[in-house]
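A.B. asks: What would the 3D arrangement of this be:
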Amino acid sequence: MVGILNNSSNWALILGLFSFLIYERMECRKNLLVTLNILSRLLICSIVFIPLLHAGDTATLTIVSILVSLGSILWGIYSVGFNIWLMSSVPKNTRNQFIYTRTMWLRISFTVTSLVMGYVLDWFNKSYAGFLIIFTISLGFSILDAVVLTKIDEPANKVEHNHKFNSTEFLEPLRNHEYRKMLTFVFLYYFSLTLSSSYTSLYQIRYLGFNYGFISTIYVITYFLMIVCTRFWSRLEREKGMRFVLKTSGLVAITEFFVYAFLTSERVFLFPIAAIIAGIGNSGFNIAIFNYRYEVMPDNNRTIYEGWYGAIFGISVLLSPIAGDIFMKVLPTFENTIFQYSGFQLRYFISFILAFIVIVVNFSEKKKII
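C.D. replies: Purely as a prediction, here's the structure:
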């Protein structure tokens, strides 16, 4: 349940595949997008109030799971429309640089908030009061976010009247050779990593015994490097090309999982090393894969293309925690000086090996997925 709910915002993108049926019928999408934004955040943030109902543990978990799932589904529909809104608002010749700059400021914001909120939880000794404060603040910022969105202009959307479901149009992204190869790579890459990453927070807090402040502090290293390395990867993309950045940054990023395979409560020093590697690698990969899909995406029918990307990504991260749980049950359980929690550590190693194979095969000269 932890693995699935932790990735709910990702697998919920599956339903975003059919959001084109909504968006392609609307000349003005902004009001709907803002409404979806508010409803999604309201549902997810409201889970913090469920314990006040004094329901039983089973009922509480059921209600929380439903609220998180519904909120994530609405967010999945919203994100498809928002990405199209965002990319349509930026001139194509400055789009890549805009995304790098925007991402840098996003990373600054979540670096600060993650650090502060981690310490807030520790100040309240991980009590309910700390979570109540954090989720309430989150809801407040979500409302401010929606207010800001209402101030942004929306490009005109040409609507074909009596627009009906068209299977040819719906399957167009799968017939697009370059886009289909990109989708295949995305599915395999994220499936490999989510096998273990969906359980990282559980592993760190419950098994390794790390407190929230410590985790937040270490992740600040990742966020800081994602910020400072943004311009480096942007410059490298202009000099070497997007495929080079995807390959190089991807190989660096997955090394984090190799380090995690040896992380135990006795080798805490590996945690900041993994954070450094993740910051450098993901700084380039996350932006490059975003820019790449809009480079191979045609100007027409972008909603359905974006929907297919979200669906493939969502299916990948939905199936992966289930596969990870199966691995956890069949992998041998043992303890020694290297493997303190063999089930978790072996999964990280498996994630690294699988992702490494995906990248190597993808970027080989003879066999290319993208």
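A.B. asks: for the lengthiest helix in the chain, packing partners?
C.D. replies: The longest helix of the chain (DSSP state H) is helix 57-88. Applying 3 or more C-beta pairs under 8 Å, 6 or more residues apart in numbering; DSSP states H and E, one finds that helix 57-88 contacts helix 2-6, helix 8-11, helix 20-23, helix 30-45, helix 302-330. To be clear about C-beta, it is placed using only N, CA and C from the backbone, and glycine gets the same treatment.
A.B. asks: and after that helix, which helix or strand comes next?
C.D. replies: helix 95-123 (DSSP states H and E).
A.B. asks: List the buried residues in that following helix.
C.D. replies: 95-96, 99-100, 103-104, 107, 111, 113-115, 117-122 (16 or more other C-beta atoms under 10 Å).
A.B. asks: what angle do it and helix 57-88 make?
C.D. replies: 150 degrees (axes from the mean of the first three to the mean of the last three C-alpha atoms, to 10 degrees).
A.B. asks: Mean confidence (pLDDT) on helix 95-123, please.
C.D. replies: Helix 95-123 carries an average pLDDT of 81.
A.B. asks: immediately after that helix, which helix or strand?
C.D. replies: Under the assignment DSSP H and E, the closest C-terminal helix or strand after helix 95-123 is helix 128-150.
A.B. asks: Just the buried residues of that following helix, please?
C.D. replies: Residues of helix 128-150 classed as buried by neighbour count (16+ other C-beta under 10 Å): Gly130, Phe131, Ile133, Ile134, Phe135, Leu139, Ser142, Ala146, Leu149.
A.B. asks: out of these, who's nearest Asn211?
C.D. replies: Gly130 (11.7 Å; C-beta to C-beta).
A.B. asks: Next up, the contacts around that closest one.
C.D. replies: Applying C-beta atoms under 8 Å, 6 or more residues apart in numbering, we find Gly130 in contact with Val120, Leu121, Asp122, Trp123, Phe124.
A.B. asks: got it, and Lys151?
C.D. replies: Contacts of Lys151 (C-beta under 8 Å, 6+ apart): none.
A.B. asks: Need the contact partners of stretch 43-55.
C.D. replies: Contacts for stretch 43-55 (C-beta under 8 Å, 6+ apart): 60, 63-64, 67-68, 70-72, 74-75, 128, 131-132, 134-136, 138-139, 142.
A.B. asks: Below-threshold pLDDT in this structure: ranges please.
C.D. replies: 2-3, 7, 20, 24, 54-56, 156-166, 334, 336-337, 365-370 (pLDDT under 70).
A.B. asks: count of neighbours near Ile63?
C.D. replies: Neighbour count of Ile63, defined by other C-beta atoms under 10 Å: 16.
A.B. asks: so how far is Leu70 from it?
C.D. replies: Computed as C-beta to C-beta, to the nearest Å, the Ile63 to Leu70 distance reads 11 Å.
A.B. asks: Now render the buried residues of helix 128-150 as JSON lines, adding distance to Thr248.
C.D. replies: Converted to JSON lines, the buried residues of helix 128-150 look like this (distance: C-beta to C-beta, whole Å):
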{"residue": "Gly130", "distance to Thr248": "40"}
{"residue": "Phe131", "distance to Thr248": "39"}
{"residue": "Ile133", "distance to Thr248": "41"}
{"residue": "Ile134", "distance to Thr248": "36"}
{"residue": "Phe135", "distance to Thr248": "38"}
{"residue": "Leu139", "distance to Thr248": "39"}
{"residue": "Ser142", "distance to Thr248": "36"}
{"residue": "Ala146", "distance to Thr248": "38"}
{"residue": "Leu149", "distance to Thr248": "35"}
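A.B. asks: Can you give me every residue that contacts Pro173?
C.D. replies: Tyr179, Arg180, Leu183, Ile304, Tyr305, Trp308, Tyr309.
A.B. asks: which two in these are spaced the farthest apart?
C.D. replies: By the measure C-beta to C-beta, Arg180 and Ile304 form the most distant pair in the contacts of Pro173, at 13.4 Å.
A.B. asks: out of these two, which sits in the more crowded spot?
C.D. replies: Ile304 (24 against 17).
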